[in-house]
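Asks: Generate a structure from the sequence data that follows.
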Amino acid sequence: MGFHPVFDNPIRMGYFPGWKTASDLVDRMGDLESAIGPRQVVPAQWEPYYRECPRFRFAGAYAWARSQAQSPLGFALALALFPGEADQITTGLGHANWLILAAQTEPSHITRELMVAEALGSWETHAGVWLEQIARTCAHIGVEVSVPSLRQQMLKALQPLREFKPGDDGDPVRSDYIETPGRSHGFDKQLLQLEGWTPDPGTIVLPVDGRTHVLAREILVLDLEKVVLRKAGRPVRTVPWEKVTLVHLVEGEVTLEIADQTSLVVAGYRQPEATARTIQECYRAASERLLQLLAKRMSRLTP
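Replies: Modelled structure (predicted):
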């Protein structure tokens, strides 16, 4: 399985507002790796620039990204190829890195080729100054790397883009991801196609991403059976959906009311309304399946 430091950028994959060191990102990627688990694929919508370059992530992707971030050269390369904060993409190589990401989903082959050419032109013009700045930034946070070695790795990373020729199939760099739907939960496929039934959302991973709460390292993991709260890489609470009575927002906190138990409350999402809607959709889908199973049991009991 192959990964690319532009599209599968370790800093992009582990990013959260206010990160300070490579260890912060390594911890977050480790948490995501363990939350996703083996052989599961999730759309990583919490990543920066997901709209420009949506990616499906499985646990192995985070293992790879974590190993890259633990290497001084790998971390420096990731920093050099990351567009940065939203206000940085309009300047210098931040914009060039953004163009590379956005080109992957650009529908026009001609426009895509122009975007890649512009990005590579910016790299050729500004690489020296940019890589020296990256090396200084890395040294400031305790990561030592030489500019010549960083330049060599950067050229290697950009080479597939230099060789790109737009065609009918056209991604600027080949993706080795296996994009598969969420795992089957064994419910009646015919029933799932009936109008009005909520589709199976698969596995949903919702890491807390707000600046003031993200270091708590909390992640919600949901499927049709249960919701799991994980903290620092470990599950701390598991609640089956049949115990949940209500999902709502209370003063910006996502709250799951649970029968005969204290509520499950998670604070710190940057977009709590959107997060609550996602959880509510999973709750609705799970409730419908529970009703399906109950109806089947009642039909067997009816003479």
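Asks: I figured E106 hits E113, correct?
Replies: No. The criterion here is Cβ atoms under 8 Å, and E106 misses it with E113 at 9.3 Å. Backbone N, C-alpha and C define where each C-beta goes, glycine included.
Asks: So I219 versus Q70, what's the distance?
Replies: Plainly put, I219 is 21 Å away from Q70 if you go by Cβ to Cβ, to the nearest Å.
Asks: These two: which has the busier surroundings?
Replies: I219 (25 against 15; other Cβ atoms under 10 Å).
Asks: List the backbone torsions phi and psi for the more buried one.
Replies: Taking degrees, to the nearest 10, you get phi -140, psi 130 for the backbone angles of I219.
Asks: In contact with it, which residues are there?
Replies: D31, L32, A35, V205, L206, P207, V208, L229, R230, K231 (Cβ atoms under 8 Å, 6 or more residues apart in numbering).
Asks: let's see it at 10 Å
Replies: 28, 31-32, 34-36, 46, 205-209, 228-233, 235, 266 (Cβ atoms under 10 Å, 6 or more residues apart in numbering).
Asks: Pretty sure E257 sits in a strand.
Replies: Yes. Under DSSP: H, G, I helix; E, B strand; the rest coil, E257 sits within a strand.
Asks: ok, now which ones touch it?
Replies: K243, V244, T245, L246, V247, H248, V250, S263, L264, V265.
Asks: shouldn't H248 be in contact with A276?
Replies: Yes. Using Cβ atoms under 10 Å, H248 is in contact with A276, at 6.8 Å.
Asks: Mutual contacts of the two, please.
Replies: V254, T255, L256.
Asks: quick one: the second one and Y269 touch, right?
Replies: No. Using Cβ under 10 Å as the test, T255 is too far from Y269 to be in contact (11.9 Å).
Asks: Would you map the helices across this structure?
Replies: Counting by DSSP state H, the chain has helices at residues 10-14, 22-36, 59-70, 72-81, 92-103, 109-140, 147-162, 189-192, 272-301.
Asks: mean pLDDT for those: which is lowest?
Replies: For these, the weakest mean pLDDT is recorded on helix 189-192, namely a mean of 46.
Asks: what's the burial count for D260?
Replies: A count of nearby residues for D260, using other Cβ under 10 Å, gives 6.
Asks: quick one, what contacts it?
Replies: Going by Cβ under 10 Å, 6+ apart, the list of residues near D260 reads K243, T245.
Asks: can you do 8 Å?
Replies: Neighbouring residues of D260 by Cβ under 8 Å, 6+ apart: K243.
Asks: Please report how far the closest residue to G252 other than its chain neighbours lies from G2.
Replies: Leaving aside its chain neighbours, G252 sits nearest to P272 (5.0 Å; criterion: Cβ to Cβ, 6 or more residues apart in numbering). Noted for P272: a distance of 36 Å to G2, by Cβ to Cβ.
Asks: next one: Q133
Replies: Taking Cβ to Cβ, one finds Q133 at 29 Å from G2.
Asks: Looking at the two, which one has more neighbours?
Replies: When neighbours are counted by other Cβ under 10 Å, Q133 and G2 differ, and Q133 comes out ahead with 16 against 10.
Asks: which residue is nearest the centroid of the chain?
Replies: A44 (2.5 Å; Cα atoms, centre = their mean).
Asks: Tell me who's in contact with that one.
Replies: Taking Cβ under 8 Å, 6+ apart, we find A44 in contact with M13, Y50, R55, F56, R57, V205.
Asks: wait, what's in contact with the residue nearest to E132 when sequence neighbours are not counted?
Replies: Spatial nearest neighbour of E132, chain neighbours left out: V147 (5.7 Å); criterion: Cβ to Cβ, 6+ apart. When contacts are counted by Cβ under 8 Å, 6+ apart, V147 touches L131, E132, A135.
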